[in-house]
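Visitor: Coordinates for the following, if possible.
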Amino acid sequence: MNRSKQTLAKTTAAAVMLAFIGNASAQFSPQTELHLDAATRNTLGDADLMNNIRYYFCGYTDNPGFVNIVRSWNTIKIPLTQIAGDTWYLGSKYVGQYILRSPTGFVLVDSLNNTAEARDLTIPALQSLGLSASLPLQGVYLTHGHGDHDGGANYLRQTLNPPIYLGSGDANNKAYNPIRIDSTNLAPQPITIGGRTLTLIPTPGHTPGTMAAVIPVQDNGREVNLLVTGGSNMGGLSTVYPYLDSLERTYALAKAMNVEGGMHPHQFFEGTLQKILDSGLSTPSQYVVGNDKYMRGLAVWRECTAAFASNLDATAALPVWRASKTEFIAASPAPNRLAARVFNGWGPVAGQQVSFTLEGRGTACTATTDENGVATCKSSLGPLKGKDDLVTATFAGAEGSGYVDLGSKVTALANNGCADLAAIRAAMGARAGDANYASRLDVDQNGVIDGRDLSSVTRDIQPGFCK
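Guide: You can find the predicted model right below:
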């Protein structure tokens with residue numbers, strides 16, 4: 001491990017230790033505890049979500065001392081680091097900027113802390129990536145108007161004269177004369193900078209002009225949408241409810257645009273950059289975590305925000321957001337049987353509809369989940385064709401008294417069931433708790449994988465289908 005990585009590891013370990021000490025004795029209202037517990041449950045035990053999203057965003061409530069710790073990381077500089085095929089991070093362990101390169105030039109997300117950093121870090125980084133008259137800086141998108149995000153903007157304006165975009169709520173008295181994005185129009189607003197279309201959405205709360213943006217990047221030959229969120233600190237009672245509304249709208253946009261990861265300027269919130277520094281850029285990028293996991297992370301963040309609001313406002317009675325997960329079970333999809341389980345951190349999601357659709361062919365069937373959260377039905381479109389049908393199981397979501405069950409989906413090829421059938425055979429006799437036991441292969445959920453599970457799925461797979 002090189003010296004910079006050792007420094008990062010040591011400071012992270014120290015921060016975790018101090019953070020747990022910081023607020024261990026805090027007492028909260030039942031409503032606050034309800035949302036803190038929901039944030040934990042929404043991680044479904046995922047270490048990344050628990051140690052980053054849950055830890056830091058809920059830290060504004062249960063450990064506010066972490067803020068001073070992470071701000072001290074601003075002195076730990078991160079060199080230009082590639083995080084996707086056309087995207088780089090530059091800055092510090094505390095805050096940074098993203099550099100996007102296209103065949104026609106560059107786009108920056110944020111501008112670092114000050115003139116010196118823009119001059120000594122940003123400009124040399126752009127030059128190392130090919131900055132020239134034929135490959136210019138074509139624009140700067142600022143998440144908001146705080147100095148650690150727009151501190152270098154005026155130098156960039158004076159030196160390279162790019163258009164600079166900022167939410168109108170933060171734009172007054174800015175020397176760099178930004179192009180104003182209407183902060184009062186809360187609908188998504190697509191803008192094109194250097195041939196790349198960013199979908200912006202005003203997210204007031206952290207500041208009046210804070211924005212979030214869905215940005216397409218290239219990852220191993222595939223275009224994926226990543227979300228750049230704006231400010232993270234929830235402020236106080238006057239700002240937390242606009243912040244909460246902004247976050248809920250951001251969730252809806254990320255779901256609609258199939259966002260698969262995030263590029264937070266304060267990258268430690270999402271825990272992504274450290275993985276690249278430790279092991280190098282992976283395939284897919286460590287920033288690309290998939291829509292299911294990213295949406296779960298936003299649900300954790302929402303519950304942390306609800307906890308913060310409840311802690312400030314004794315009258316708060318906010319519904320709990322419960323992030324669900326949908327998974328195919330027991331050799332499904334199969335030619336004559338479609339089965340999926342829906343569950344969340346509270347257990348099985350029972351009595352709810354799951355629809356199964358085939359790409360290019362429409363809805364195959366719809367079924368209601370049983371007490372185990374399992375929905376099973378037979379395709380009305382006939383047996384799945386060969387091994388090429390792409391099947392999606394979708395739980396659209398539901399609402400109850402005091403809670404919202406968020407929707408989820410899963411997609412797999414029809415021949416996914418063949419590998420599961422082989423796994424059932426290999427795990428015969430395995431019981432819950434055994435290393436080779438998998439809940440989704442236990443069809444009747446009796447705690448053991450046995451002949452009944454094998455027979456219940458074998459009859460639905462046509463002879464020769466799995467050859």
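
Visitor: who are the neighbours in contact with the residue positioned nearest the centre of the chain?
Guide: The residue lying closest to the centre of the chain (CA atoms, centre = their mean) is residue 294, at 2.3 Å. Listed by CB atoms under 8 Å, 6 or more residues apart in numbering, the contact set of residue 294 reads 227, 254, 259-262. For the C-beta atoms, the positions are set from N, CA and C on the backbone; glycine is no exception.

Visitor: isn't there a helix covering residue 339?
Guide: No. Applying DSSP: H, G, I helix; E, B strand; the rest coil, one finds residue 339 to be strand, outside a helix.

Visitor: show me the contacts for it.
Guide: Under the criterion of CB under 8 Å, 6+ apart, the neighbours of residue 339 are 328-330, 332, 374-376, 443.

Visitor: switch the cut-off to 7 Å
Guide: The contact partners of residue 339, by CB atoms under 7 Å, 6 or more residues apart in numbering, come to 328-330, 332, 374-376.

Visitor: ok, which pair from those residues is furthest apart?
Guide: Put simply, by CB to CB the two of the contacts of residue 339 set farthest apart are 330 and 375, 12.2 Å from each other.

Visitor: so where's the stretch 251-400 of the chain uncertain?
Guide: Within the stretch 251-400 of the chain, the stretches with pLDDT under 70 are 386-387.

Visitor: where along it do the helices fall?
Guide: For the stretch 251-400 of the chain, the helices defined by DSSP state H, counting those that start in this stretch cover 273-279, 291-312.

Visitor: ditto for the stretch 1-150 of the chain
Guide: Using DSSP H, counting those that start in this stretch, the helices assigned to the stretch 1-150 of the chain run over residues 3-22, 30-42, 47-48, 55-57, 59-62, 66-71, 115-117, 123-128, 147-150.

Visitor: By mean pLDDT, show me the worst of the ones you listed.
Guide: Looking at the helices of the stretch 1-150 of the chain, the lowest mean pLDDT belongs to helix 3-22 (a mean of 42).

Visitor: So residue 61 is in contact with residue 306, correct?
Guide: No. No contact is recorded between residue 61 and residue 306 when judged using CB atoms under 7 Å, the distance being 9.7 Å.

Visitor: With neighbour numbers in mind, choose between the two.
Guide: Per other CB atoms under 10 Å, whichever of residue 61 and residue 306 has more neighbours is residue 306, with 27 against 24.

Visitor: Can you name the residues that contact the more buried one?
Guide: Each residue near residue 306 by CB under 7 Å, 6+ apart is listed here: 35, 244, 318.

Visitor: ok, and the most crowded of those residues?
Guide: Ranking those using other CB under 10 Å puts residue 35 first, with 27 neighbours.

Visitor: The nearest residue to that one once chain neighbours are set aside - how many residues pack around it?
Guide: Distances taken as CB to CB, 6 or more residues apart in numbering put residue 307 closest to residue 35, at 3.7 Å, once the chain neighbours are dropped. Taking other CB under 10 Å as the criterion, the count of residues near residue 307 is 29.

Visitor: again, but for residue 174
Guide: Under the neighbour criterion other CB under 10 Å, residue 174 is assigned a count of 18.

Visitor: related to what we said a few turns ago, quick one, which of the helices of the stretch 251-400 of the chain gets closest to residue 39.
Guide: helix 291-312 (3.8 Å).

Visitor: now the closest one against helix 30-42, angle please.
Guide: With axes from the mean of the first three to the mean of the last three CA atoms, to 10 degrees defining the directions, helix 291-312 sits at 170 degrees from helix 30-42.

Visitor: Now render the contacts of residue 306 as a markdown table, adding distance to residue 185.
Guide: Shown next, in a markdown table, are the contacts of residue 306 (distance: CB to CB, whole Å):
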| residue | distance to residue 185 |
| --- | --- |
| 35 | 30 |
| 244 | 19 |
| 318 | 26 |
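
Visitor: what is the rounded mean pLDDT of stretch 201-210?
Guide: If you average the pLDDT over stretch 201-210, you get 97.

Visitor: what comes into contact with that stretch?
Guide: Here stretch 201-210 makes contact (CB under 7 Å, 6+ apart) with 143-146, 166-171, 183, 185-186, 188, 211-212, 230-233, 235, 239, 242-243, 246, 249-250, 253.

Visitor: Return a PyMOL selection command for the buried portion of those.
Guide: With 16 or more other CB atoms under 10 Å as the burial test, the buried ones among these are selected in PyMOL as follows:
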select buried, resi 143+144+145+146+166+167+168+169+170+171+183+188+211+212+230+231+232+233+235+239+242+243+246+249+250+253
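
Visitor: picking up where we left off before, pick the most deeply packed of the helices of the stretch 251-400 of the chain.
Guide: Stretch with highest mean neighbour count among the helices of the stretch 251-400 of the chain: helix 291-312 (a mean of 24; mean count of other CB atoms under 10 Å).

Visitor: Check the offset of that helix from the chain's centre.
Guide: Centroid separation for helix 291-312 versus its chain: 11 Å, with CA atoms, centre = their mean, to the nearest Å.

Visitor: and if you look at stretch 94-109?
Guide: Relative to the centre of its chain, stretch 94-109 is centred 20 Å away, using CA atoms, centre = their mean.

Visitor: Now do the closest residue in space to residue 130 that isn't next to it in sequence against residue 226, distance only.
Guide: Setting aside the residues directly before and after it, residue 130 is nearest to residue 101 in space (CB to CB, 6+ apart), at 7.4 Å. Using CB to CB, to the nearest Å, we find residue 101 at a distance of 15 Å from residue 226.

Visitor: Ok, residue 44 next?
Guide: When distances are taken as CB to CB, residue 44 and residue 226 turn out to be 22 Å apart.

Visitor: between the two, which one's more packed in?
Guide: For the pair residue 44 and residue 226, the greater number of neighbours falls to residue 226 (27 against 17), based on other CB under 10 Å.

Visitor: That one is in what secondary structure piece?
Guide: Taking DSSP states H and E as the definition, one finds residue 226 inside strand 222-228.

Visitor: Show residues contacting that strand.
Guide: Surrounding strand 222-228, the residues in contact under the criterion CB under 7 Å, 6+ apart are 109, 143, 212-217, 254, 257-263, 287-288.

Visitor: give me that answer again for 8 Å
Guide: Counting by CB under 8 Å, 6+ apart, residues outside strand 222-228 touching it are 84, 98, 109, 141, 143, 212-218, 250, 253-254, 257-265, 284, 287-288, 294.
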